[in-house]
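**Q** Quick check, what structure comes out for this input:
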Amino acid sequence: MRSTIQKQNSPPRRTSLITRYCLATVVLLELLGPLAGESRGDFILRDDEQLIVSSHHNQGVLFDRSRVSIVSGGSVTDLYAYNSSTVGISAGSVTYIYAWDSSAVNMSGGSVGALIANDSSAVAISGISSPLQSVGILNANDSSAVAISGGAVKELNASNYSTVDISGGSVGFDSSRVSLRTNNSSRVGISGGSVAFLVASDSSAVAISGGSITTLKAMPSSAVTFYGQNFRVAGGLAFDGERVLGTGTLSGEWIDGTRWVVNITYSNLTATILAIPESAHKPFCVKYHAMDFTGDCKVDFSDLAVFLTHWLDCNLEPPEACWE
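**A** Residues are numbered from 1 along each chain as shown. So this is what the prediction gives:
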C-alpha cells in the first residue's frame with residue numbers, strides 16, 4: 001500500500017488563488033490572536049518577499065515567488081508554498097511541507113518530517129547522508145521532479161508522471177520495508193547513492209546505471225533496466241536475451257567496475273526487467289524528463305501526441321466545476 005500522510009490540514013489542491021489567499025488569511029488571523037505580543041508569530045510572504053527563520057513558527061505560507069530560508073535554530077510545524085515560491089533548508093526542522101504550483105524545496109541540511117510536492121514542483125536534496133539530515137516521507141505528484149545527490153530519505157513515493165534522479169545519498173534504511181515506490185507512469189534514474197527496497201509499478205520506468213539497490217519488486221506493467229556489464233544470475237533467475245526472468249539474485253558491474261548485487265523478490269508476468277551490457281561510449285538514459293511520456297529519454301512529437309490525447313481531460317466532481 002502506498003503511504004499516506006495522516007496530516008490533512010492543507011488547502012484543497014484545486015482551490016482558486018483567491019480562495020487560497022482567503023484561507024491563509026483566516027488561518028493567520030486565528031493564530032495571531034493568542035500569539036499577540038510574542039515575537040514568534042506565524043508568517044505569510046507575498047510578491048518576492050524573503051524571510052530567514054531562526055526561531056519557531058507554527059505555520060508559514062508563501063505566495064508569488066517569495067522565499068523562506070530555515071537556518072540553525074529555526075523550525076516550522078506547517079509550511080505551504082504556492083506560485084513558484086522557494087523553501088530553502090540548511091538547518092533546523094520542518095514537520096510538514098506542502099509545495100504547489102511549480103514551487104521549489106532545496107534542502108542541504110536539517111530535517112523534514114513529510115514533504116508533499118504537487119503541480120510540477122521541484123525538490124533538491126543534497127548534503128551528508130545521515131539520519132540527522134533526513135526527510136521522513138517524500139511524495140512527488142503531478143509531474144513534480146526530485147533530485148537527490150545527498151542526504152537521506154526514509155520513504156519516497158513518485159506518481160503521476162513525476163521524475164526522480166538519484167545520484168547520491170540514501171533512500172531507505174531497512175531493506176525489509178519499501179523505501180522507493182514508483183507509480184502512474186513516473187520515471188526514475190539511479191546513477192549513484194543507495195536504495196534499500198525499490199517497488200516499480202503502474203507503467204513506471206526505472207533506469208539504473210550506478211549506486212546500489214538491495215531489494216527489487218517489479219509490479220504489473222513496470223519496466224526496470226540495468227545498464228552495466230558482466231551480469232550474472234543466481235537462484236531462480238534466468239536470462240532470455242537481455243531480459244531477466246523469475247526471482248533470485250542479479251549481480252554485475254557498473255561501467256566504472258564497481259560490483260553490485262540486487263535481490264529480485266517479485267517479477268510480474270507483465271513487468272519487464274532488462275540487463276543491458278554497456279560500453280563507456282554507448283548512450284543510456286541517466287534522467288527521464290517529466291514530459292517524456294513515451295519513456296525513450298527524449299521529449300519530441302511522440303510525447304506531444306500523448307499529451308494532446310489528454311488535453312482538456314478533467315476528473316473534478318461535480319463535472320461543471322471543471323470550467324469555472
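**Q** ok, Gly210 touching Gly189?
**A** No. Contact criterion C-beta atoms under 8 Å: Gly210 and Gly189 do not qualify, at 9.7 Å. The C-beta positions use only the backbone N, C-alpha and C, and glycine is treated the same way.
**Q** end-to-end on stretch 66-80?
**A** End-to-end span of stretch 66-80 (C-alpha to C-alpha, to the nearest Å): 11 Å.
**Q** Centre of the chain to it, how far?
**A** Counting by C-alpha atoms, centre = their mean, to the nearest Å, stretch 66-80 is centred 20 Å from the centre of its parent chain.
**Q** before we move on, what about stretch 93-104?
**A** That offset, for stretch 93-104, works out to 12 Å (C-alpha atoms, centre = their mean).
**Q** ok, now stretch 217-231?
**A** Counting by C-alpha atoms, centre = their mean, stretch 217-231 is centred 20 Å from the centre of its parent chain.
**Q** List the buried residues for it?
**A** Residues 217-219, 222-228, 231 are the ones in stretch 217-231 that count as buried (16 or more other C-beta atoms under 10 Å).
**Q** Likewise for stretch 250-258?
**A** Neighbour-count burial for stretch 250-258 [16+ other C-beta under 10 Å]: 250-252, 254-255.
**Q** Give me the residues contacting stretch 261-276.
**A** Residues outside stretch 261-276 that contact it (C-beta atoms under 8 Å, 6 or more residues apart in numbering): 200, 212-228, 231, 237, 239, 242-252, 284.
**Q** if you set the cut-off to 6 Å instead, what comes out?
**A** Counting contacts by C-beta atoms under 6 Å, 6 or more residues apart in numbering, the residues outside stretch 261-276 that touch it are 213, 215-227, 231, 242-244, 247, 249-251.
**Q** now do stretch 141-153
**A** Contacts of stretch 141-153 (C-beta under 6 Å, 6+ apart): 117-127, 129, 133-135, 138, 140, 159-171, 290.
**Q** Give me the pLDDT value at Tyr133.
**A** One thing to correct before we go on: residue 133 is Gln, not Tyr. Looking at Gln133, its pLDDT reads 74.
**Q** And it, how far from Ser90?
**A** The span separating Gln133 from Ser90 equals 10 Å under the rule C-beta to C-beta, to the nearest Å.
**Q** How many residues are close by Leu62?
**A** Residues contacting Leu62 under the criterion other C-beta atoms under 10 Å number 28.
**Q** Make sure it is actually in contact with Ala81.
**A** Yes. Contact between Leu62 and Ala81 holds when scored by C-beta atoms under 6 Å: they sit 4.6 Å apart.
**Q** quick one: the helices in the stretch 1-150 of the chain?
**A** For the stretch 1-150 of the chain, the helices defined by DSSP state H, counting those that start in this stretch cover 17-35.
**Q** Can you list the low-confidence ranges for it?
**A** 1-41, 129-132 (pLDDT under 70).
**Q** Tell me where it has strands.
**A** 43-45, 50-53, 56-62, 67-70, 75-81, 86-89, 93-99, 104-107, 111-117, 122-125, 134-140, 145-158 (DSSP state E, counting those that start in this stretch).
**Q** Would you format these as a markdown table with distance to Asn184 included?
**A** Shown next, in a markdown table, are the strands of the stretch 1-150 of the chain (distance: least, C-beta to C-beta, whole Å):
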| stretch | distance to Asn184 |
| --- | --- |
| strand 43-45 | 32 |
| strand 50-53 | 34 |
| strand 56-62 | 27 |
| strand 67-70 | 30 |
| strand 75-81 | 23 |
| strand 86-89 | 25 |
| strand 93-99 | 19 |
| strand 104-107 | 21 |
| strand 111-117 | 14 |
| strand 122-125 | 18 |
| strand 134-140 | 11 |
| strand 145-158 | 9 |
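**Q** Strands of the stretch 151-300 of the chain, residue ranges please.
**A** Using DSSP E, counting those that start in this stretch, the strands of the stretch 151-300 of the chain run over 163-171, 180-182, 187-200, 205-218, 223-235, 238-240, 243-245, 248-253, 259-267, 272-277.
**Q** Please identify the most buried of the ones you listed.
**A** Most buried of the strands of the stretch 151-300 of the chain by mean neighbour count (mean count of other C-beta atoms under 10 Å) is strand 180-182; its value is a mean of 25.
**Q** Show residues contacting that strand.
**A** So strand 180-182 is in contact with 156-158, 171, 188, 195, 198-200, 204, going by C-beta under 6 Å, 6+ apart.
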